[in-house]
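Visitor: Predicted coordinates and the sequence they were generated for:
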Amino acid sequence: MNDDIRELLPRHRSDFERADAIVSKGYPAVAPVLPELFNWLQDCNWPISRTIAPFLAGLGQPIVPVVRAILEADDDIWKYWVLTQVVANAAAHVGESLRDVLTRIDTHPSQGEIIEGARDAAHDILSALGQQPSTDE
């Protein structure tokens, strides 16, 4: 089964046929390839990101470990895209599960997180969750 689902992974940024096919498999079929699906959100100007991002946002709790790994890594623009296209559109419990890392990005952002907008995105998500946002700049 893992090999079958891997065959459906998109091969280029406009591979709508495979993107639609893998999305149609749903969860838990895509569980083995969640990290690879998130790779297509490294630049949400890529056309298939518009198919993949809403699908991932709708998966709920299973995406939390992958999102956490992205938010704890060094690719600040990827953080921005994942926050704005997935976490901001996911069920509130996803944001709650990531509250600690969102709070770190909001209150102690790296220079890159500020420049790429990840800090503002984390701030907005925390506000939506009802946390008093920081006022530090």
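Guide: Received the coordinates, thanks.
Visitor: Find the centremost residue of this protein, please.
Guide: When the chain is reduced to its mean C-alpha position, the nearest residue by Cα atoms, centre = their mean turns out to be V82, at 3.0 Å.
Visitor: for it, what are its contacts?
Guide: The neighbourhood of V82, defined by Cβ atoms under 8 Å, 6 or more residues apart in numbering, consists of 38, 41, 67, 70-71. Heads up, the C-betas are built off the backbone N, CA and C, glycines and all.
Visitor: what's the closest of the residues you listed to A122?
Guide: Ranked by distance to A122 (Cβ to Cβ), the contacts of V82 are led by L71 at 8.3 Å.
Visitor: what about that closest one, distance to Q61?
Guide: Distance, L71 to Q61, by Cβ to Cβ, to the nearest Å: 16 Å.
Visitor: With adjacent residues omitted, what lies nearest to the residue nearest to the centre of the chain?
Guide: For V82, the nearest residue in space outside its immediate sequence neighbours is I70; the separation is 5.3 Å by Cβ to Cβ, 6 or more residues apart in numbering.
Visitor: isn't that neighbour right up against N39?
Guide: No. With contacts defined as Cβ atoms under 8 Å, I70 does not count as touching N39, sitting 9.8 Å away.
Visitor: of those two, who's got more company?
Guide: The residue with more neighbours, out of I70 and N39 and counting by other Cβ atoms under 10 Å, is I70; that gives 23 against 13.
Visitor: how about the CA coordinates for the helix or strand the more buried one falls within, as CSV?
Guide: Element membership for I70 (DSSP states H and E) is helix 64-71. Below are the C-alpha coordinates for helix 64-71, written out as CSV (Å, rounded to 0.1, in the frame of the first residue of the first chain):
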residue,chain,number,x,y,z
VAL,A,64,0.5,18.2,14.1
PRO,A,65,3.8,16.3,14.3
VAL,A,66,4.7,17.2,10.7
VAL,A,67,3.7,20.9,11.3
ARG,A,68,5.6,21.0,14.5
ALA,A,69,8.8,19.7,12.8
ILE,A,70,8.4,22.4,10.1
LEU,A,71,7.9,25.1,12.7
